[in-house]
Each structure stands twice: as C-alpha cells, then as structure tokens.
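In: Provided below for reference: sequence and predicted model.
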Amino acid sequence: MQTTIRSAVTFSGTGLHSGLRARMTVLPASAEYGIWFRRTDVIGRDPMVQAHWSAVENAKLCTEVSNAQGVKVSTIEHLMAALSGCGIHNALIEIDGPEVPILDGSSAPFAAAFLARGVRDLAAPLRCFEILKPVEVREGPALARLEPAETLEIDFEIDFADAAIGHQRKRLSMANGAFLRELSDCRTFCRQADVEAMLAQGLALGGNPGENAVVFDGDRVLSPGGLRRADEPVRHKMLDALGDLALAGAPILGRYTGNRAGHAMTNRLLRALFADPTAYRLIECDAARRRLLPGTGVNRDDIPAVA
C-alpha cells in the first residue's frame, strides 16, 4: 500500500546556501498524489513545485526543483531522503521560502518527527521501478550507475585530498530500516576552502559548523564535537543519493553505484534511465517486495541518538 504521514509536522530554520529563514509544514496527502511543494510566499505565480527528477534544474551544490513559472525550492535532498527512509510516498510540503531548512545538516530531525507523527496506509497499491539492465553516466573519473538488484542498494566511494576524509567506500542495502540506523544522522560536509569560496559568492550564508555541517581542513575536523561516525562523509553521500533517487516518483528496486558522484550526476542518471524504456519497468509491489523497501517496519528507535 501507499502511505502518507498521519498528521502535519512543522520545521523552522535557515537554509544552508541562502541563509534565509523558512517555516515548512509537511502535510498528509491522498494516494497517487506524490510529493509536492507549495510556496506559500508566492503570489501571482503557480506556487506548486513537484518533487520529481524532471523538475530538477540546478543540482550543483544541492538539489533544486522548479516549475514552469520559475518558482523554486532548493536543498530538498535531506528531506526527500527522510521521506523515503520512513516509507512516506505522498505528502504536501508547504514552505514560505525558497530553501528547505538545513536543521542539523542530516535527515535525522525530519525522520524523527515523521515517525513521531506516524505513517498511515492508503487504499492504493504501491508501485516500484524495477531496474532491468545497467544504466550508467560518467564525467571524467566520476560515475553513477543503476543495475538490477532485489532491493535498493547503495554503493558509494569518495576520494578527497584532505587527510581527514581521504578514501572512503561503503555499501548497504536500504531494507529493514538501514537508512535510519546507518545514514540518517550523517551531516553534510565541506572543506574550509570551499566554505570561503562559497561565502565569497554569497552562498553558505546559513551554515554554522558544528550545528549543521562538518568542515574539514587538511587533516583536521574543524567542527566542534568532531564526527558522529568515522566515515560520516561517505555515509552522507549515500544519504544524498537516496534523497535524489526518491525523485524517481516511486521506489527503486536496483543497485545504485556512485563514485565521486553528486546531485547533478544522480539526476543525469535518472534522466538516462527514463529515456530508455527497456531499462526499467513499473511493477506493483506485493508484500514480499514491500518488505525490501526503505521505510518498511521502521520505528523511532531506529534513529541514532544525536546531540
């Protein structure tokens, strides 16, 4: 069955890149609705923006969706990962600004609030995209690939010159609450040089190391309190990948491999997938398949306790 959140939940905070404060409320929605944003501050233009791969126009530093009239919502990936990881397929998200609040830089605050409200089944079958053959996009040494698998798996590899990050690789099945237990608390990260460059461009205005981002400088972790996990960076990249894959419009059954991939590459991968009708099929998820999806059978205890 498809699902929605049982009752509304509200978040407030600044956006990481814009520094603008926003109030955002996630509301229940009916079956077949999908995930939509409504910009409550927009007047005279269509305020509705779909959370869908085809609506992504800018995915350089974050994932941003927009509609035909230029109304945008950015930095949606952590929220989308939380919705996917909690098994929520339908929701209306009202927001009074252009950027989703960054909160602590992870998906954990969103997921904890969703599970506190509860998830409600809807009287409609759940459909999934089953990957039938490999689809891959490359850009220099970076690649993103989808290939057949029984459940959604994420295999991610990163390699940074900064010794505090270095080379990291992790592979996980997203079934049985693995996202909540293993990835949901992992925060966005950047290098000190990137922070300085973004500030010079008027970006990262809402960032506050130690509160919503991990900042690295060579062999040092500058954020107070250090890392939540020794391999927090690669785990956060996996979190981002889940959020970006959630823009497919239905859960994916397949293995995602990312090597130095980012938001833009994952969106290119989805575009390549849906441009080839022989690479996937839309199937109805029976009980056995549904048990393999992120969000099935999860509870609040699956979310790590974070400061």
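Out: Yep, that arrived. Numbering: from 1, shown residues only.
In: Is Ala55 in contact with Asn67, as I believe?
Out: Yes. Assessed by CB atoms under 8 Å, Ala55 is found in contact with Asn67 at 6.9 Å. In this view, the C-beta of every residue, glycine as well, is placed from N, C-alpha and C.
In: got any residues that touch both of those two?
Out: Residues touching both Ala55 and Asn67 by CB atoms under 8 Å, 6 or more residues apart in numbering: Val49.
In: what about the strands in the stretch 1-150 of the chain?
Out: For the stretch 1-150 of the chain, strands defined by DSSP state E, counting those that start in this stretch occupy the ranges 3-5, 9-14, 21-28, 35-39, 48-50, 56-58, 64-66, 72-73, 91-95, 119-121, 127-131, 135-139, 142-147.
In: looking at these, which has the lowest confidence?
Out: Ranked on mean pLDDT, the bottom entry among those is strand 56-58, at a mean of 87.
In: Can you say which of the strands of the stretch 1-150 of the chain is nearest to Pro101?
Out: Closest of the strands of the stretch 1-150 of the chain to Pro101 is strand 9-14, at 3.2 Å (criterion: CB to CB).
In: quick one, what contacts Ala113?
Out: By CB under 8 Å, 6+ apart, the neighbours of Ala113 are 9, 11.
In: do you know how far it is from Arg181?
Out: As defined by CB to CB, to the nearest Å, Ala113 lies at a distance of 17 Å from Arg181.
In: Kindly report the same for Arg229.
Out: 11 Å.
In: tell me which element the spatially most central residue of the chain falls in.
Out: By CA atoms, centre = their mean, the chain has its centre lying nearest to Gly243, at 2.0 Å. Using DSSP states H and E, Gly243 falls within helix 232-245.
In: What's the first helix or strand after that helix?
Out: Next along the chain after helix 232-245, taking DSSP H and E as the criterion, comes strand 252-253.
In: elements contacting that next one?
Out: With contacts taken as 3 or more CB pairs under 8 Å, 6 or more residues apart in numbering; DSSP states H and E, strand 252-253 sits against strand 127-131.
In: Mind listing the strands the strand it packs on pairs with, and their directions?
Out: As defined by DSSP bridges, the strand partners of strand 127-131 come to strand 252-253 (parallel), strand 280-284 (antiparallel).
In: Could you dump those into CSV and include mean pLDDT, mean neighbour count and distance to Met48?
Out: Below are those laid out as CSV (pLDDT from 0 to 100; neighbours: other CB atoms under 10 Å; distance: least, CB to CB, whole Å):
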stretch, mean pLDDT, mean neighbour count, distance to Met48
strand 252-253, 97, 24, 24
strand 280-284, 97, 14, 24
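In: show me where pLDDT drops low in this protein?
Out: 198-199, 202-210, 306-307 (pLDDT under 70).
In: That one - how does it break down into domains?
Out: Under the assignment automatic domain parsing, the domains of the chain span 3-121, 128-302.
In: All the helices of the protein, residue numbers only.
Out: Assigned by DSSP state H, the helices in the chain fall at 77-85, 108-117, 178, 192-200, 232-245, 263-274, 287-290.
In: Take the strands of the stretch 1-150 of the chain and lay them out in JSON lines including distance to Thr296 and mean neighbour count.
Out: As requested, those are arranged in JSON lines below (distance: least, CB to CB, whole Å; neighbours: other CB atoms under 10 Å):
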{"stretch": "strand 3-5", "distance to Thr296": "10", "mean neighbour count": "22"}
{"stretch": "strand 9-14", "distance to Thr296": "20", "mean neighbour count": "16"}
{"stretch": "strand 21-28", "distance to Thr296": "19", "mean neighbour count": "19"}
{"stretch": "strand 35-39", "distance to Thr296": "18", "mean neighbour count": "22"}
{"stretch": "strand 48-50", "distance to Thr296": "25", "mean neighbour count": "18"}
{"stretch": "strand 56-58", "distance to Thr296": "27", "mean neighbour count": "17"}
{"stretch": "strand 64-66", "distance to Thr296": "26", "mean neighbour count": "21"}
{"stretch": "strand 72-73", "distance to Thr296": "27", "mean neighbour count": "22"}
{"stretch": "strand 91-95", "distance to Thr296": "17", "mean neighbour count": "22"}
{"stretch": "strand 119-121", "distance to Thr296": "10", "mean neighbour count": "15"}
{"stretch": "strand 127-131", "distance to Thr296": "12", "mean neighbour count": "20"}
{"stretch": "strand 135-139", "distance to Thr296": "25", "mean neighbour count": "16"}
{"stretch": "strand 142-147", "distance to Thr296": "21", "mean neighbour count": "20"}
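In: Reformat those as JSON lines; add distance to Ala272.
Out: Below are the strands of the stretch 1-150 of the chain laid out as JSON lines (distance: least, CB to CB, whole Å):
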{"stretch": "strand 3-5", "distance to Ala272": "29"}
{"stretch": "strand 9-14", "distance to Ala272": "33"}
{"stretch": "strand 21-28", "distance to Ala272": "30"}
{"stretch": "strand 35-39", "distance to Ala272": "22"}
{"stretch": "strand 48-50", "distance to Ala272": "20"}
{"stretch": "strand 56-58", "distance to Ala272": "13"}
{"stretch": "strand 64-66", "distance to Ala272": "19"}
{"stretch": "strand 72-73", "distance to Ala272": "24"}
{"stretch": "strand 91-95", "distance to Ala272": "27"}
{"stretch": "strand 119-121", "distance to Ala272": "32"}
{"stretch": "strand 127-131", "distance to Ala272": "12"}
{"stretch": "strand 135-139", "distance to Ala272": "5"}
{"stretch": "strand 142-147", "distance to Ala272": "9"}
